[in-house]
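Peer 1: Pasted the sequence and its predicted model underneath.
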Amino acid sequence: MSAPIAMPATAAFDAAKWRADFPILKRMVNGAPLVYLDSAATSQKPEAVICAMDEYYRQHNANVHRGIHVLSEEATSLYEGARKRTARFINAASWREVIFVRNTTEGLNLVAQAWGRANIQPGDVILLTGMEHHSNIVPWQLLAAEKGAQLEFVELTPDGLLDLTTLDALLTERVKVFAFTAMSNVLGTINPTQELVRRAHAVGALAVVDGAQAAPHLPVDVQDWDCDFLAFSGHKMCGPTGSGVLYGKRALLEAMPPFMGGGDMIKTVRRRESKWNDLPHKFEAGTPAIAEGIGLGAAVDYLTAIGMDNIRRHETELVGYGIDRLAEVNDLTLYGPQDPSVRGGVLTFNLKGIHPHDLATLVDQDGIAIRAGHHCAQPLMEQMGVAATARASLYLYNEPHEIDKLVVALHKAQKVFGG
Ligand code: 7TS
């Protein structure tokens, strides 16, 4: 028996405090206390977010940007206040650069459609990476098919990092856009976003960042990164489903045609032509997800109060602990970088001889929620040579003892399957 692995003390302390803010974490599942290890799919919500949405519906519910009655003014002020605080959260130069969308997927489709259709020509190259989520692949496939453009990919090293040695050869003058994730939802890899943006700009390409996994877990500064667009989802960062953000540099957003037409996105409408509204409203057609936007604002306040540096520090310690503990399990393959300094709180693995779906079903019997499948990253799975994996993903409210419970459940699964 090897020496016991020390639990990270700060992580244990902070998470215990933070997890009290999440009512659902007091739940029992299948007779055991819930161990929620699926935050990369969606995070749990703190009391502050639930209350902000409840309060909106109980006290302020009205449509925004329309009426001059008290409720409409209150709703507008709450909704627009949430936008301003979200802009500060990512250090956008202006709140006008923050477009509220439903999720990362919608944000990326907006860029591919509104910017892409106006700017991509036949023969242009759209550069992606081998670790993208389907939502940062399929919108570009649609655009490429429509415009006769070509998709190219940055490959990965064996330990799950982007192979930057190939980047110079791939980043030719033909590349018009380089779209990549700041953090992989499968490997946990944290990519060097600032460097990738700089290198895209050096050949005149735009840099589009998928921040679905980065925004909830890492400090994000769009001015520091200098990215042209950044998309992320509220529901993965303690906010409600149906809330999300597309950040874009103002000059680019001003020059782009709208994505969808309808109410709120126009200044004037004549029978045969219209004038577009100012940013960000030009890209927000129709009644928005008002309560969800307000909920996202509350989530941003919650994360800001804790501090994104503190969340990252906690998750670095926890994922390091997880890597060490999973190494004790025989016949377990852990994917992605072994160095916690370039890895977010994602532990993707397979146990020899046990299908990940069976594994997820089995650990669920002990109240442990993990995800199994291709994680919407089939091209990456193909490169990894697997059809599916199991994935435990962490957030600020997870504690080392939950990883211990997972390890016990994995040993149990091996006994059940005769491993
Ligand atoms: N990009 C990345 C890197 C993601 O992890 C996800 C969601 C998305 C984009 C899409 O986000 P959505 O909010 O628009 O759906 N990832 C996952 C996951 O890993 N498990 O479930 C959803």
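Peer 2: Yep, it's here.
Peer 1: got the residues of the protein near the ligand?
Peer 2: Within the chain, the positions near the ligand by CB under 6 Å from any ligand atom are 40-41, 103-105, 133, 135-136, 181, 185, 210, 212-213, 233, 371, 375-376. Any C-beta I mention is one placed from the backbone N, CA and C, and that applies to glycine too.
Peer 1: Narrow the residues you listed to those in strands?
Peer 2: Counting by DSSP state E, the members of the residues of the chain next to the ligand that fall within strands are 181, 210, 233, 371.
Peer 1: Determine which two of the residues you listed are furthest apart.
Peer 2: With CB to CB as the measure, no two of these lie farther apart than 210 and 371, at 18.3 Å.
Peer 1: Of those two, which one has the most company?
Peer 2: A count of neighbours by other CB atoms under 10 Å puts residue 210 above the other of residue 210 and residue 371, at 29 against 20.
Peer 1: That one and residue 120: what is the separation?
Peer 2: From residue 210 over to residue 120 the distance is 18 Å, taken as CB to CB, to the nearest Å.
Peer 1: What's the mean pLDDT across the helix or strand where residue 358 lies?
Peer 2: Using DSSP states H and E, the element containing residue 358 is helix 356-364. In this model, helix 356-364 carries a mean pLDDT of 98.
Peer 1: Make sure residue 33 is actually in contact with residue 368.
Peer 2: No - the pair residue 33 and residue 368 does not pass the contact test of CB atoms under 8 Å, sitting 9.9 Å apart.
Peer 1: Looking at these two, which one has more neighbours?
Peer 2: residue 368 (25 against 14).
Peer 1: ok, so what distance separates the residue of the chain positioned farthest from its centre from residue 86?
Peer 2: Distance from the C-alpha centroid of the chain, by CA atoms, centre = their mean, peaks at residue 271 (40.6 Å). Separation of residue 271 from residue 86 (CB to CB): 37 Å.
Peer 1: Kindly report the same for residue 369.
Peer 2: In terms of CB to CB, residue 369 sits 28 Å off from residue 86.
Peer 1: higher neighbour count, the two?
Peer 2: A direct count of neighbours by other CB under 10 Å for residue 369 and residue 86 places residue 86 higher, at 26 against 17.
Peer 1: For residue 146, identify the helix or strand it belongs to.
Peer 2: Assigned by DSSP H and E, residue 146 falls within helix 138-147.
Peer 1: buried residues in the helix or strand that residue 320 is a member of?
Peer 2: Secondary structure assignment for residue 320, by DSSP H and E: helix 308-326. Buried residues in helix 308-326, counted by 16 or more other CB atoms under 10 Å: 308, 311-312, 314-323, 325-326.
Peer 1: Please save the CA atoms from that helix in PDB.
Peer 2: The C-alpha coordinates for helix 308-326 follow below in PDB (Å, rounded to 0.1, in the frame of the first residue of the first chain):
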ATOM      1  CA  MET A 308     -11.800  33.700 -10.200                       C
ATOM      2  CA  ASP A 309      -8.200  33.400  -9.000                       C
ATOM      3  CA  ASN A 310      -9.400  31.600  -5.900                       C
ATOM      4  CA  ILE A 311     -11.700  29.300  -7.900                       C
ATOM      5  CA  ARG A 312      -8.800  28.400 -10.200                       C
ATOM      6  CA  ARG A 313      -6.400  27.800  -7.300                       C
ATOM      7  CA  HIS A 314      -9.000  25.500  -5.700                       C
ATOM      8  CA  GLU A 315      -9.500  23.500  -8.900                       C
ATOM      9  CA  THR A 316      -5.800  23.300  -9.600                       C
ATOM     10  CA  GLU A 317      -5.300  21.700  -6.200                       C
ATOM     11  CA  LEU A 318      -8.400  19.400  -6.600                       C
ATOM     12  CA  VAL A 319      -7.500  18.200 -10.100                       C
ATOM     13  CA  GLY A 320      -4.000  17.500  -8.900                       C
ATOM     14  CA  TYR A 321      -5.400  15.400  -6.100                       C
ATOM     15  CA  GLY A 322      -7.700  13.700  -8.500                       C
ATOM     16  CA  ILE A 323      -4.900  12.800 -10.900                       C
ATOM     17  CA  ASP A 324      -2.900  11.300  -8.000                       C
ATOM     18  CA  ARG A 325      -5.900   9.400  -6.600                       C
ATOM     19  CA  LEU A 326      -7.000   8.000 -10.000                       C
END
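Peer 1: tell me what it is packed against?
Peer 2: Applying 3 or more CB pairs under 8 Å, 6 or more residues apart in numbering; DSSP states H and E, one finds that helix 308-326 contacts helix 9-19, helix 214-217, strand 332-334, strand 346-351, helix 400-416.
Peer 1: hey, which helix or strand in this structure has the poorest pLDDT?
Peer 2: Every helix and strand in the chain was compared by mean pLDDT, DSSP states H and E; the lowest is helix 9-19, with a mean of 74.
Peer 1: In this structure residue 199 contacts residue 167, no?
Peer 2: Yes - between residue 199 and residue 167 there is a contact at 6.0 Å, judged by CB under 8 Å.
Peer 1: which residues touch residue 168?
Peer 2: For residue 168, the contacting residues are residue 199, by CB atoms under 8 Å, 6 or more residues apart in numbering.
Peer 1: if you set the cut-off to 10 Å instead, what comes out?
Peer 2: The neighbours of residue 168, taking CB atoms under 10 Å, 6 or more residues apart in numbering as the test, are 199, 202, 203.
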